[in-house]
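[1] make a model of this:
(one chain, ligands or ions: 3)
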Amino acid sequence: KVLEEDLRHALAEGQIRLAYQPIVTPATNIVCGFEALMRWEHPEFGELSPSMFIPIAEESDLIVGLSEWALREACREAAQWPGSLFVAVNVAPAHLAHNGFMAGLMQALAESELPGDRLELEFNEAVFGVSEELINETFGALKTLGVRVTLDNFGAGISPLGRLRNHHFNKVKIDRQVVQQMASGRSRCAAIGASIVTLSRELGMTAIAVGVEARDELKAMQDLGIKQVQGYIYSPPCGIEEVIDALATGL
Ligand code: G
Ligand code: G
Ligand code: MN
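    Ligands and ions are numbered 1, 2, ... in the order given. This is a model prediction of the structure:
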């Protein structure tokens, strides 16, 4: 409750910012985009992770405002990056289900002048709590803007395959736990990893691996033909200044 009260003022007080983690093509080591990850610099408790405060925001009325802010801020910052680098933004289900979602998104693109095809939206499995009709209608509108959609944390939970049949995600992000298990050399884990990659390909989705930390994990992902990798092996999430410096001096 104390945190909820603090969170209510955190945006206005400028305590919330976005960190960015590169997403890399492993064959060439070329960065193709960044995922925006929220950070809260709490005046008393220091830096708080979103895994701690996003659930608080979701239980209150704060999540839509935070999620809208993240989308606008990410578009604004990414518009300054060179070339075709994309930014991936996590979108809370309540934000997607909110009336003003598409209007806010179009405004974020218009005011930043970020081309739609440089924006990706990440949804975790909780998005399947939103009605099929609304998801499809919204995904259709996003597609006309060129905005891509990613299913986040795939393999971590129940992963309803029936819903994958009905919705057109452009990407699936393989969960860190699955990545670790895939590299463990256990055949049952490898089978699950391989089938996620096959399923993605058959459904026309790009598979991306997240949370890759070690060389053997990276090798396992490359052996499976995964074209995009995100994890500490390349870089942790960094502040925007560091990202801009790195983009200027070469990554
Ligand atoms: O960066 P970190 O590993 O601490 O993030 C923890 C979780 O918080 C991740 O699962 C991520 O999806 C989620 N998260 C990070 N930033 C945002 C955000 O801007 N919006 C939403 N809805 N979730 C976020
Ligand atoms: O939205 P999503 O759950 O995909 O967010 C990715 C989360 O994973 C972020 O909170 C980020 O800080 C975290 N992360 C990214 N790379 C690694 C990694 O290599 N190892 C671990 N432990 N966490 C990671
Ligand atoms: Mn994510």
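[2] can stretch 119-132 be found next to ligand 1?
    No - Stretch 119-132 lies out of reach of ligand 1 by CB under 6 Å from any ligand atom, never closer than 6.5 Å. Any C-beta I mention is one placed from the backbone N, CA and C, and that applies to glycine too.
[3] how close does Ile196 get to Gly162?
    When distance is defined by CB to CB, to the nearest Å, Ile196 is 16 Å away from Gly162.
[4] which one of these two has more residues nearby?
    Using other CB atoms under 10 Å, the more surrounded residue of Ile196 and Gly162 is Ile196, with 22 against 7.
[5] mind giving me the packing neighbours of the host helix or strand of that one?
    For Ile196, the enclosing helix or strand under DSSP states H and E is helix 187-202. Counting contacts by 3 or more CB pairs under 8 Å, 6 or more residues apart in numbering; DSSP states H and E, the secondary-structure elements packed against helix 187-202 are strand 171-174, helix 176-183, strand 206-210.
[6] now the longest one: how far from the chain's centre is it?
    From the chain centre to the centre of helix 176-183 is a distance of 18 Å (CA atoms, centre = their mean, to the nearest Å).
[7] go on, the first one?
    The chain centre lies 9 Å from the centre of strand 171-174; the measure is CA atoms, centre = their mean.
[8] other SSEs contacting it?
    With 3+ CB pairs under 8 Å, 6+ apart as the test, strand 171-174 has strand 148-154, helix 187-202, strand 206-210 packed against it.
[9] where among those is average confidence lowest?
    Per-segment mean pLDDT for the helices and strands packed on strand 171-174 reaches its minimum on helix 187-202, at a mean of 87.
[10] was I right to think Ile127 contacts Ile135?
    Wrong residue type there; residue 127 is Val, not Ile. Yes - A contact is recorded between Val127 and Ile135 when judged using CB atoms under 8 Å, the distance being 6.9 Å.
[11] what residues are shared contacts of the two?
    Shared contacts of Val127 and Ile135 (CB atoms under 8 Å, 6 or more residues apart in numbering): Leu96.
[12] hang on, isn't Ser200 packed against Lys173?
    No - taking contacts as CB under 8 Å, Ser200 lies outside contact range of Lys173: 10.1 Å.
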